[in-house]
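> Turn this into a structure:
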Amino acid sequence: MRLGHFCVGALSSFIAFGDVVNAIKLTTHGRRHPTSSDGVVLGRRGNVSPLTNKGDVSYYTNITLGGAEFTVLIDTGSTDLWVAGKVPESQDTGKASGVTYAIGEVKGPIKKAHLDFAGHSVLNQAYLEITPGDEPAGTGLIGLGPNSGSNIFRTLNSSDGHAVLDRIFLQNTSTPNFMTVLLGRSEDPVDTFPGDLTIGEILPGFENITSQPKLPVTDVPIWEVGDQHFQVLLDADGIIGPTGQPVKVKTAVDETKNKKQVTAIVDTGFSLSQVPRAVADAFYGDIPGAQFANVSGIGRTWIVPCTEEVNITFKFAGQSYRIHPLDAALEPSLIGIDSIRNAQGQDCCIGTFQPILFNLGKSPNFDMILGMSFLRNAYTLIDFGDFLAESKGKGDPYIQFLSTTGLQDGHSEFVRVRLGGNDTTSDRTLASSHNNNTAPSGSKKTLYYILAGVLIGLAFLIVAGVLIFNKVRQARNRKTAYHSLGDQTNAPTNAAGMQQYYNPNTQYDPYQQNQFRTPNPQYNQPPQYSQGPPNQYSNPWDHRY
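Residues are numbered from 1 along each chain as shown. Next up is the predicted model:
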């Protein structure tokens, strides 16, 4: 198995133009990617670290560049536009740039051409023209992130290099400076991979998003402005696991005042969200049959029986955003894997909140990346504010979320899809595990204290009795027996026996008993990832496939 090539013929995507010129709705379509068996990691630009996010659902749309049509991946986590293949009507700038990945890179000349995207026309849009090869002709990627992350802009060092959305907003001053994204899911009982991206327009039926809390986009330090992304703070104790209790986690971002608030990047380009290991453990570690495994093409992550419902909630500004159980664990067949089984032989799904297993560095700018597994549960509005190039007093950028997953709907759809309509979830209880992050309730604590007091009292009485008994026996022994200092009659005869309980040369591995075992070796490969510069993260798109 491998990550499949872009296949334009297999993708049906089209542009639905709105009635109003300055408010555009763009329909997108998701598509499955088969995975690669080599577990190779992926990278974004040359100044970012690789991750093990690979082969899931990506969302594409069509653009026209220089009169030629290209099918491009939409990605809020990057900024530049590149296409593979010749653009008929283009002009060369005489400069080149590229996007470097953990393995190889895409690079080419920076050219300009007339761009038609989402009903907007942009003259002389700068882009990278890539020679087709590993990147099939007619494909590409359109970055929708902050302009400060653009390699093209840094290379040209002029307004000619501004990113696509910046060009659209600057030339259409009546267009509100925001975009919205709505993503569907593969196992939805009604719709398969629906998606909409809008520029300056709210989707009908979702108007309430404008009344949701405005989450300020946090700024990275000025000397790291090239690593600026759309990132926001979660509430303190704002990550709720399947137990219904907050997951205890502290931020690694130095600039965050409240260390209980973690910073999350919002990125449409990530299939599997990336979270701290402790968070992933809290989500999946207590699920019966769950195991931490090496999954081919994915890397190290949790697997859980597909029949187990996993309930996760994130909180922003006091609002709860539930994760649909179908999004919390991914059916392997959707990414080209026939089956995954745990040690008990149960068919398992892949935990979609994958632990970050690479080094974030001493002073990272973020704690987690909320990708598709989160975004399929929240209609998302991103206001560019003063992130816009040449911005003058447009206000601070912010993000708004509107929850699209209800508790009862998520449960009933999980029962329908994964359990065949037979609700057996009430018969299941969480098993104890090494990763129980919840604290006992007040009544339980009181009971524990009482029991502890009784046990301590009993222990005191036993110790006192033993001391008295030994005192009496020693007094008697002094009258009847004598042992010289050289008499070793009562000494242990085998010192090696002491090491069966403790070996100072053996490293403790809390996950040693939870290794993934399967007769099929392709799901038990060691993870393959490399470490790059800190404060950066990768794009799930791998240019080789």
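> Now do the longest strand anywhere in the chain, average pLDDT.
Counting by DSSP state E, the longest strand found in the chain is strand 105-117. Strand 105-117 shows an average pLDDT of 93 in the prediction.
> just the helices in the protein please.
Assigned by DSSP state H, the chain shows helices spanning 151-156, 164-171, 277-284, 325-328, 372-375, 407-418, 442-480.
> Mean pLDDT lowest where, among those?
Minimum mean pLDDT among the helices of the chain: helix 442-480, a mean of 58.
> Show me where the stretch 1-150 of the chain dips below the pLDDT cut-off.
Within the stretch 1-150 of the chain, the segments meeting pLDDT under 70 span 1-57, 100-104.
> could you pull out the strands for it?
24-32, 57-65, 68-75, 81-84, 90-100, 105-117, 120-130, 139-143 (DSSP state E, counting those that start in this stretch).
> go on, the stretch 201-350 of the chain?
Under DSSP E, counting those that start in this stretch, the stretch 201-350 of the chain gives strands at 215-216, 231-233, 239-240, 263-266, 273-275, 291-295, 299-305, 312-316, 319-323, 329-330, 348-351.
> In TSV: these, plus distance to Glu135.
For every residue, glycine as well, the C-beta is placed using N, CA and C. Formatted as TSV, those follow (distance: least, Cβ to Cβ, whole Å):
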stretch	distance to Glu135
strand 215-216	35
strand 231-233	29
strand 239-240	37
strand 263-266	25
strand 273-275	25
strand 291-295	26
strand 299-305	23
strand 312-316	35
strand 319-323	33
strand 329-330	26
strand 348-351	27
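> Format those strands as JSON lines; extra columns: mean pLDDT and mean neighbour count.
Output for the strands of the stretch 201-350 of the chain, formatted as JSON lines (pLDDT from 0 to 100; neighbours: other Cβ atoms under 10 Å):
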{"stretch": "strand 215-216", "mean pLDDT": "97", "mean neighbour count": "18"}
{"stretch": "strand 231-233", "mean pLDDT": "96", "mean neighbour count": "23"}
{"stretch": "strand 239-240", "mean pLDDT": "98", "mean neighbour count": "22"}
{"stretch": "strand 263-266", "mean pLDDT": "95", "mean neighbour count": "24"}
{"stretch": "strand 273-275", "mean pLDDT": "94", "mean neighbour count": "27"}
{"stretch": "strand 291-295", "mean pLDDT": "94", "mean neighbour count": "24"}
{"stretch": "strand 299-305", "mean pLDDT": "94", "mean neighbour count": "24"}
{"stretch": "strand 312-316", "mean pLDDT": "98", "mean neighbour count": "21"}
{"stretch": "strand 319-323", "mean pLDDT": "98", "mean neighbour count": "19"}
{"stretch": "strand 329-330", "mean pLDDT": "94", "mean neighbour count": "28"}
{"stretch": "strand 348-351", "mean pLDDT": "97", "mean neighbour count": "26"}
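> Out of the ones you listed, which is closest to Asp116?
strand 263-266 (26.6 Å; Cβ to Cβ).
> Residues contacting that closest one, please?
Outside strand 263-266, the residues that touch it by Cβ atoms under 8 Å, 6 or more residues apart in numbering are 76-77, 218, 229-234, 251, 253, 256, 314, 365-370, 374-375, 380, 382, 399, 537.
> Now with 6 Å, please.
218, 229-231, 233-234, 253, 366-370 (Cβ atoms under 6 Å, 6 or more residues apart in numbering).
> Stretch 306-316 too?
Stretch 306-316 is contacted from outside by 215, 235, 238, 240, 242, 283, 287, 320-323, 325, 328-329, 347, 349, 414, 418, 425, using Cβ under 6 Å, 6+ apart.
> what's around Ala68, how many residues?
17 (other Cβ atoms under 10 Å).
> Now do the contacts for it.
87-88.
> how near is it to Gly140?
In this view, Ala68 and Gly140 are 11 Å apart by Cβ to Cβ, to the nearest Å.
> same deal with Gln91?
18 Å.
> Between the two, point out the one with more neighbours.
Taking other Cβ under 10 Å, Gln91 and Gly140 do not tie; Gly140 has more neighbours (25 against 11).
> so the more buried one bridges to which residues?
Val72, Val83 (DSSP bridges).
> isn't it right up against Phe70?
Yes - between Gly140 and Phe70 there is a contact at 4.9 Å, judged by Cβ atoms under 6 Å.
> Find residues that contact each of the two.
Contacts common to Gly140 and Phe70, judged by Cβ under 6 Å, 6+ apart, are Val83.
> picking up where we left off before, between the strands of the stretch 1-150 of the chain, which one is closest to Ile356.
strand 68-75 (19.2 Å).
> Give me the angle between that closest one and strand 90-100.
Put simply, strand 68-75 runs at 30 degrees to strand 90-100, going by axes from the mean of the first three to the mean of the last three Cα atoms, to 10 degrees.
> who touches the closest residue to Gln212 other than its chain neighbours in this structure?
What sits nearest to Gln212 in space, not counting adjacent residues and going by Cβ to Cβ, 6 or more residues apart in numbering, is Gln400, at 4.6 Å. Applying Cβ under 6 Å, 6+ apart, we find Gln400 in contact with 209, 212, 214, 381.
> and which of the residues you listed is nearest Val181?
For the contacts of Gln400, the nearest to Val181 is Leu381 (8.3 Å; Cβ to Cβ).
> State the distance from the residue lying closest to that closest one once chain neighbours are set aside to Tyr379.
Of all residues not flanking Leu381 in the chain, Gln400 sits nearest, at 4.3 Å (Cβ to Cβ, 6+ apart). Taking Cβ to Cβ as the measure, Gln400 falls 9 Å from Tyr379.
> same question, Gly108
36 Å.
> more neighbours, those two?
Tyr379 (22 against 18).
> My guess is the more buried one contacts Leu402. True?
Yes - at 4.3 Å, Tyr379 counts as touching Leu402 under the criterion of Cβ under 6 Å.
> Between those two, which contacts overlap?
206, 209.
> quick one on the thing from earlier: which one, of the strands of the stretch 1-150 of the chain, ends up nearest to Asp267?
Nearest of the strands of the stretch 1-150 of the chain (Cβ to Cβ): strand 68-75, 7.5 Å.
> Of all the residues in the closest one, which ones are buried?
Residues of strand 68-75 classed as buried by neighbour count (16 or more other Cβ atoms under 10 Å): 68, 70-75.
> What residues sit buried inside stretch 182-199?
Using 16+ other Cβ under 10 Å as the test for burial, stretch 182-199 gives 182-187, 193-199.
> now for the residues you listed, which pair is the farthest apart?
Between any two of the buried residues of stretch 182-199 (Cβ to Cβ), the greatest distance is 29.0 Å, for Glu187 and Ile199.
> Report the separation between the residue nearest to Val262 when sequence neighbours are not counted and Pro213.
Using Cβ to Cβ, 6+ apart and skipping the chain neighbours, the partner closest in space to Val262 is Asp367 (3.9 Å). Separation of Asp367 from Pro213 (Cβ to Cβ): 20 Å.
> Asp75 too?
As judged by Cβ to Cβ, Asp75 and Pro213 stand 25 Å apart.
> Got phi/psi on Phe366?
Phe366 adopts backbone torsions of phi -150, psi 160, taken as degrees, to the nearest 10.
> For it, the count of nearby residues, please.
Phe366 has 23 nearby residues by other Cβ under 10 Å.
> again, but for Trp223
Quick note: Trp223 (other Cβ under 10 Å) scores 7 neighbours.
> cool, Ser363 as well?
Ser363: 13 neighbours (other Cβ under 10 Å).
> Quick one: residues contacting it.
Contacts of Ser363 by Cβ under 6 Å, 6+ apart are Asp254.
> Okay, the spatially closest residue to Gly161 that is not a sequence neighbour and Tyr379: tell me how far apart.
The shortest distance from Gly161 to any non-neighbouring residue, by Cβ to Cβ, 6+ apart, is to Phe153 (3.8 Å). As judged by Cβ to Cβ, Phe153 and Tyr379 stand 29 Å apart.
> what does Arg154 give?
Between Arg154 and Tyr379 the distance is 33 Å, computed by Cβ to Cβ.
> Fine, thanks again, bye for now.
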